[in-house]
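1. Give me a 3D structure for the following:
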Amino acid sequence: MLANISLDYYLRLERGRDRNPSQEVLESIARVLLLDEEHLAHLRSLTGQEPRSRPRPPRNEAPPAGTLSLLEALPQPAFIEDRSFDIVASNAKARALSPRLAEGRNQLEDIFLDPHEVPLYPDWDVVTGCLVAGVRQAAAHALDEPRLGELIAELIRKSPRFRELWGQHDVRSQRGAALRIDHPQVGEMTLHRERLAVTGTEGLTLVVLHADPSSDDADKLARLDSALVRTA
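-> The predicted model follows:
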C-alpha cells in the first residue's frame, strides 16, 4: 500500500488510465514522496485541480507605455520578458551587459544553444538548472501556450543539457536571486536579479539587475554605463 492507496490504483494513475485522482489521493502521494508545497501545486495543476492559465494573448502584446518609460529611465540593466522567456523590450544598459538581452531574443534558446552566452555565466550549470526548474513550473500553468511547448520540444532535441535537466522533473518558480556575470569588458560581478510582474498584462515580467550600493560590482556596472555613454 502507498499512503493508503492500493498498488493497482497507483499503477493506473502512473500509466494514465485514471486521470482524475481526488485531492486527498494527490496529498497522500505528495506526503509519501516528500513533495513540498510548490511541487504539490505543480502536481495539482497537471491534474486540473488548479485553474489553468488563460490562453496567452498574441505574442505581439505590447507592454504598457508607462512601463516602457520606466524601463528606459531605470539606471540599472533591465528588460521585459513574457511567459515563454521571449524578450519583448530592454534598455541599453541590458544590451551592454549582453547583446542577446535584446527585443526578439529568447533566453532559453540563447543560454542553451548559443555558445557565446555560456562564458557570461561562471555558474552556468546552476543557472541552467534553476531556469529549467522555472520552465517546468511555468509550463504547468500555461498548458494552452503553444510557443512555450514548441520551445521545450526544440530544446529537448537540440540541447543535451536541457534534456538532462528536463528529465529530472525539478519544479521551482522564478524568483529574485544573485547572479554571477563575467563581462568581457569589466570582468566578474555579482548582480541581484529582481522579477516584477507588469500589471495589466498577461504574464509580462520586468527583470531588473542591480548591484549592492558602493560595492565593486556597482563600480563595474558604472564603468559599463560610462562605456555605453562614450559610444552613444
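
2. residues near the closest residue to His192 other than its chain neighbours, how many?
-> Nearest residue to His192 in three dimensions, chain neighbours excluded: His210, at 5.4 Å (Cβ to Cβ, 6 or more residues apart in numbering). Glycine gets a C-beta too; all of them are placed from N, C-alpha and C. Number of residues near His210 (other Cβ atoms under 10 Å) recorded here: 17.

3. what about the longest strand in this structure?
-> Longest strand of the chain, by residue count under DSSP state E: strand 187-197.

4. strand partners of that strand, parallel vs antiparallel please.
-> Applying DSSP bridges, strand 187-197 is found paired with strand 177-183 (antiparallel), strand 205-210 (antiparallel).

5. For the first one, what does the pLDDT average out to?
-> Looking back up the chat, that one is strand 177-183. Averaged across strand 177-183, the pLDDT comes to 92.

6. What residues sit buried inside that strand?
-> Leu179, Arg180, Ile181, His183 (16 or more other Cβ atoms under 10 Å).

7. Could you do the last one as well?
-> Going by neighbour count (16+ other Cβ under 10 Å), the buried part of strand 205-210 is Thr205, Leu206, Val207, Val208, Leu209, His210.

8. The fifth one and Arg193 touch, don't they?
-> Yes - the pair Leu209 and Arg193 qualifies as a contact (Cβ atoms under 8 Å) at a distance of 5.6 Å.

9. what is in contact with these two at once?
-> Common neighbours of Leu209 and Arg193 (criterion: Cβ atoms under 8 Å, 6 or more residues apart in numbering): Leu179.

10. and Arg172, what does it touch?
-> Per Cβ under 8 Å, 6+ apart, neighbours of Arg172: Glu38, Cys130, Ala133, Gly134, Gln137.
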